[in-house]
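1. Following is a predicted model, sequence given first.
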Amino acid sequence: MTSDNQTGRPRAVAILAAGQGTRMRSDRAKVLHPIGGAPMLYHAMRAALTLAPQRVALVVGQDGDSVAEAARVLLPDIAICLQDQQLGTAHAVRMAAPALEGFEGDLLILYGDTPFLSAETLQAVTAERKRADLVVLGFEAADPGGYGRLVTDTDGALLRIVEAKDATADELAIGLCNSGIMAGDRATLLGLLDQVGNDNAKGEFYLTDAIALGRDQGLSAAVVRCDEAETLGINDRAQLAAAEAAFQARARHAALMGGTTMTAPETVFLAWDTQIGRDVTIEPNVFFGSGVTVADGAWIRAFSHLEGCHIGPGAAVGPFARLRPGAELSEGAKIGNFVEMKNATLGPGAKANHLTYLGDTAVGAGANIGAGTITCNYDGFGKYRTEIGERAFIGTNTAIVAPATIGADAYVGTGTVVTRDVPADALAIARTEQENHNGMATRLRAKLRARAGKTGEE
Ligand code: UD1
Ligand code: CA
């Protein structure tokens, strides 16, 4: 997504996330609860970043350390602003003032618990600044309930915002509601917020009061409308689950429209950052954690679990495969049923078709990893690497004790425990020799039967 800055004015964003989120009944900050595998805060941050803001400030409450830490992972230079006591949305924005000091341009205010705002909508809000000093994002609510109401004049200009608890019956009848998203010149908006009082039903400093104050001082105010679904806020776990479902529906639709085949899309779970190429087939019941990229023409079979991995062009995965972070399949590589990979690469055309664990391993092009091969990468203390050369053939039920290097074109016999490096083109075999004792099976059975005290049929 690109930033199409129609006003040409620099932008800063303040994201409010100091609210306690009591209704989540959680030890975890509300904005860190995940949607599509990422903290819900990331969704708001990502939408904000499409505006290419020069500064982003995040307002957190007293227990905000974990929120700050997560936010910095996505945006290292985000300014963290503490709001000690939750005295209201205007007060929260004022806590961001020091971080925005000296910034000349527009300030956009977002909520950390409103994850579905589209880049286009934020673009429309900031673009409206060409026509109005203050811009509020509104929506027609199916059930306006406790939302703030947008009071407009006959021309649709915004006069003020009234909170539900302070509204008259006439005002409550208004269906146009406040999303909470607001934009205006940084200095102007913060100047207005300094004048906001708390003489209202909740005894809070309302951000929404900025509109009436601005109008009194001759500023203009406008409403940009969006779909109610975009302003969906999350307050409890039922809403979190509903938000997840909404996210999944959207992500699946986008994948289908992007050229992915899914026979049962409702059973495929995608992440906020899943990237899927063209002509990819995803069978039912596949789970994508964060950080998965799938190249064109790949095939992901049923019941596979993928996270932090890359699936190359035309590669095949599953059924019942688990790709953990750092798993990378090159073009045409193949991972079959009950195979787990972690921090491991498969070269072009390499295969591990059944019952295998590859951890901290590099497998060369065209190598064949037999059923039941296990890389023993962890000795209880350290993790060690395994290198398997091109076209090597690893027989079934091989244990490779890392660190280990198996050369190109090497051949490892079935059942071998590899404890020493195998040179290129060598045959490695380590197992006890088989003995056959003729007729011994009958005698063995008799002996075992006697020991069990039985005389009849077993
Ligand atoms: C707010 C709006 C309301 C709007 C609604 C949309 C005000 C006064 N009201 O009401 O018009 O319809 O959002 O959802 O702005 N927060 C802080 N510090 C605080 C208070 C809130 O950071 O002191 C944050 C919260 O974490 C949340 C956001 O601000 O992300 C909104 O706060 P919330 O208390 O949910 O506002 P509402 O009462 O829903
Ligand atoms: Ca709210």
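-> Done, it's in. Numbers count the residues shown, from 1 in each chain. Ligands and ions are numbered 1, 2, ... in the order given.
2. can we go C-alpha only for contacts and neighbour counts from here?
-> Will do.
3. can the longest helix seen in the chain be found next to ligand 1?
-> In the chain, assigned by DSSP state H, the helix with the most residues is helix 237-257. No. Using Cα under 6 Å from any ligand atom, helix 237-257 stays clear of ligand 1, with a minimum separation of 13.1 Å.
4. before we move on, what about stretch 188-204?
-> No. Against ligand 1, stretch 188-204 shows no contacts by Cα under 6 Å from any ligand atom, the least distance being 7.5 Å.
5. all helices of the stretch 201-350 of the chain, in order?
-> 209-216, 237-257 (DSSP state H, counting those that start in this stretch).
6. Average pLDDT for stretch 338-356, rounded please.
-> Stretch 338-356 carries an average pLDDT of 98.
7. Then stretch 229-244?
-> 95.
8. do stretch 27-43 as well
-> Mean predicted lDDT for stretch 27-43 stands at 97.
9. buried stuff in it?
-> For stretch 27-43, a neighbour-count test (16 or more other Cα atoms under 10 Å) marks 29-43 as buried.
10. Of these, which belong to helices?
-> Reading helices off these with DSSP H, I get M40, L41, Y42, H43.
11. Closest one to I429 out of those residues, please.
-> Y42 (51.8 Å; Cα to Cα).
12. Would you check that the closest one makes contact with L75?
-> No. Taking Cα atoms under 8 Å as the definition, Y42 is not a contact partner of L75, at 9.6 Å.
13. And ligand 1, is the helix or strand where A70 lies touching that?
-> For A70, the enclosing helix or strand under DSSP states H and E is helix 65-74. No. Helix 65-74 does not reach ligand 1 (Cα under 6 Å from any ligand atom); its nearest approach is 11.8 Å.
14. which other residues reach that helix?
-> With contacts defined as Cα atoms under 8 Å, 6 or more residues apart in numbering, helix 65-74 is touched by A29, V31, L32, L41, Y42, L58, V60, I78, I80.
15. right, and the fourth one touches P115 too?
-> Yes. Applying Cα under 8 Å as the test, L41 and P115 come out as touching, 6.8 Å apart.
16. quick one: buried residues of stretch 211-222?
-> For stretch 211-222, burial by neighbour count (16+ other Cα under 10 Å) applies to I211, A212, L213, G214, R215, S220, A221, A222.
17. Average pLDDT for that stretch, rounded please.
-> pLDDT averaged over stretch 211-222 gives 98.
18. Report all helices and strands that the longest helix of the chain contacts.
-> strand 34-35 (3 or more Cα pairs under 8 Å, 6 or more residues apart in numbering; DSSP states H and E).
19. Can you pull out the residues in contact with the strand it packs on?
-> The contact list for strand 34-35 (Cα under 8 Å, 6+ apart) reads M40, L240, A243, E244, F247, W272.
20. Looking at neighbours, which among those residues is most surrounded?
-> Tallying neighbours with other Cα atoms under 10 Å puts M40 at the head of the contacts of strand 34-35, with 25 neighbours.
21. before we move on, back to that, now, which of the ones in helices among the buried residues of stretch 27-43 lie close to ligand 1?
-> Within these, nothing lies near ligand 1 by Cα under 6 Å from any ligand atom.
22. So which of these is the closest to ligand 1?
-> Using Cα to the nearest ligand atom, L41 comes nearest to ligand 1 of those, at 9.7 Å.
23. got the contact list for that closest one?
-> Per Cα under 8 Å, 6+ apart, neighbours of L41: V31, L32, A71, G112, D113, T114, P115.
24. thought the fourth one was touching A44?
-> By that I understand G112. Yes. Using Cα under 8 Å, G112 is in contact with A44, at 5.9 Å.
25. higher neighbour count, these two?
-> In terms of neighbours (other Cα under 10 Å), G112 is the more surrounded of G112 and A44; the figures are 27 against 22.
26. contacting residues around that one?
-> Shown in contact with G112 (Cα under 8 Å, 6+ apart): I15, L16, A17, V31, M40, L41, A44, M45.
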